[in-house]
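Peer 1: Below: sequence and its predicted model.
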Amino acid sequence: MSEPVLEIEDVDAGFGASQILFGINLAVAQGEIAGVLGLNGAGKSVTMKVIAGLIPAWKGAVRLNGRDITGLAPEQRVGLGLGHVPQGRQVFPELTVEENLRLGAYTLRRRDKSRYAPSLAATWERFPKLYERRRQAAGTMSGGEQAALAVARALINEPTVVLVDEPSAGLAPLIVRDVFDTLKQVATTGVTMILVEQNVAAALQLVDTVTLLQTGTVAWHGPLAELDRSMLATRLGIGRMLGPSTAAAANKRAVKKKAVPEKKPAAKKAAPAKKVAAKKTVPQKAAATKKAAPRKRAT
Ligand SMILES: Nc1ncnc2c1ncn2[C@@H]1O[C@H](COP(=O)(O)OP(=O)(O)OP(=O)(O)O)[C@@H](O)[C@H]1O
Ligand SMILES: [Mg+2]
């Protein structure tokens, strides 16, 4: 990979006596969407917060564009081009859409006041529905609209890397598609992204790489094309919910996806094979992962 835009090296973190992350490594290349998957409590959000500077790393390093940002405050990281769409969105419910954006753009305004107006105009252009609702209290908007606002609030600072934590949570499938279309569009502008998702099928249609977190460690990492879906399904306990094959999903990303009904037959056919494949592939991958981890650290 060319010089990673964002790199996490051998990071430990936790709370008090309780260690949550154990030697996390992750490197994301320019323009890439890195998917971070894992069960509840695996440490996905803690990883995102360590990158954002909201939780300190006990050990290891976080680098943005080659610069060590491990000791920097969250707002300094925002100033260097890091955006964070937190889990649960956390918009200010009593403030209007525009006030939320203005607060989100605090760092940008402080750095260069003149950049706020054009950035806000670009936001309205990208999110016309938010423009329509700019005077509405954020808390009175639908979940999908709040999700869009949370993404817009991060983008208004013109980040080069955005951390997006479970954007689809609680949203109806059609709205999830809208949110994911927005993220995909953002990625095409060259913004690098780390995407944490519980909606694995949706995430796999968007991401370039997958990092599977298990109890605070990287259990698997690699490009989407090398992902063993049976292994992933087994580790995440989601059986046959994964839908089309990896190749089909990758294809869908490359072309423009339309054929939603194709999913079902593909999933049904794939299901029996998965069980057989799972027995064979899981130990292999697990072994490969254990071996691969120290190698990564060495690079
Ligand atoms: N502020 C905190 N204080 C103490 N423990 C915490 C805190 N935040 C998270 N944890 C613990 O860290 C572990 C990992 O939490 P994290 O939020 O990263 O999970 P996650 O992978 O994002 O899960 P989910 O999919 O449910 O969001 C959990 O055991 C959680 O209880
Ligand atoms: Mg989380």
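Peer 2: Good, I have the coordinates. Residues are numbered from 1 along each chain as shown. Ligands and ions are numbered 1, 2, ... in the order given.
Peer 1: Verify the stated contact: Thr47 with Ile24.
Peer 2: Yes. Between Thr47 and Ile24 a contact is recorded at 5.9 Å, counting by C-beta atoms under 8 Å. Heads up, the C-betas are built off the backbone N, CA and C, glycines and all.
Peer 1: Identify the contacts common to these two.
Peer 2: The contact sets of Thr47 and Ile24 overlap at Ile8, Val11, Leu213 (C-beta atoms under 8 Å, 6 or more residues apart in numbering).
Peer 1: Closest to ligand 1 out of those residues?
Peer 2: Among the shared contacts of Thr47 and Ile24, Leu213 lies closest to ligand 1 (C-beta to the nearest ligand atom), at 6.5 Å.
Peer 1: What about the closest one, how many residues nearby?
Peer 2: 25 (other C-beta atoms under 10 Å).
Peer 1: again, but for Gln205
Peer 2: Residues near Gln205, counting by other C-beta under 10 Å, number 21.
Peer 1: repeat for Leu6
Peer 2: As a burial measure, Leu6 scores 25 neighbours (other C-beta under 10 Å).
Peer 1: So what does whichever residue of the chain sits closest to ligand 2 look like in phi/psi?
Peer 2: Nearest residue of the chain to ligand 2, counting by C-beta to the ion: Ser45, 3.1 Å away. Phi and psi for Ser45, reported as degrees, to the nearest 10, are phi -70, psi -40.
Peer 1: same question, Asp181
Peer 2: Per-residue torsions, Asp181: phi -60, psi -40 (degrees, to the nearest 10).
Peer 1: now swap in the one 4 residues further on and tell me
Peer 2: Geometry field for Gln185 lists phi and psi as phi -60, psi -40, criterion degrees, to the nearest 10.
Peer 1: Run through this structure and note the low-pLDDT ranges.
Peer 2: Residues of the chain meeting the criterion pLDDT under 70: 1, 239-299.
Peer 1: centroid residue for it?
Peer 2: Geometric centre of the chain, nearest residue: Leu195, 0.9 Å, by C-alpha atoms, centre = their mean.
Peer 1: how about it, what does it touch?
Peer 2: Neighbours of Leu195 in contact, by C-beta under 8 Å, 6+ apart: Ile33, Ala34, Gly35, Val36, Val164, Pro167, Leu183, Ala203, Leu206, Val207.
Peer 1: quick one: the strands in the stretch 151-299 of the chain?
Peer 2: Ranges of strands in the stretch 151-299 of the chain, per DSSP state E, counting those that start in this stretch, are 161-165, 192-196, 209-214, 217-223.
Peer 1: what's the burial count for Val162?
Peer 2: Look at Val162: counted by other C-beta under 10 Å, it has 23 neighbours.
Peer 1: which ones are touching it?
Peer 2: For Val162, the contact set (C-beta under 8 Å, 6+ apart) comprises Leu82, Gly83, His84, Val85, Val151, Ala154, Leu155, Val186, Val191, Thr192, Met193, Ile194.
Peer 1: Isn't the fourth one up against Ala150?
Peer 2: This points to Val85. Yes. Using C-beta under 8 Å, Val85 is in contact with Ala150, at 4.9 Å.
Peer 1: Touching both of these two, which residues are there?
Peer 2: Here Val85 and Ala150 have Pro167 as joint contacts, going by C-beta under 8 Å, 6+ apart.
Peer 1: need the residues of the stretch 101-250 of the chain near ligand 1, please.
Peer 2: Within the stretch 101-250 of the chain, the positions lying close to ligand 1 (C-beta under 6 Å from any ligand atom) are Gln198.
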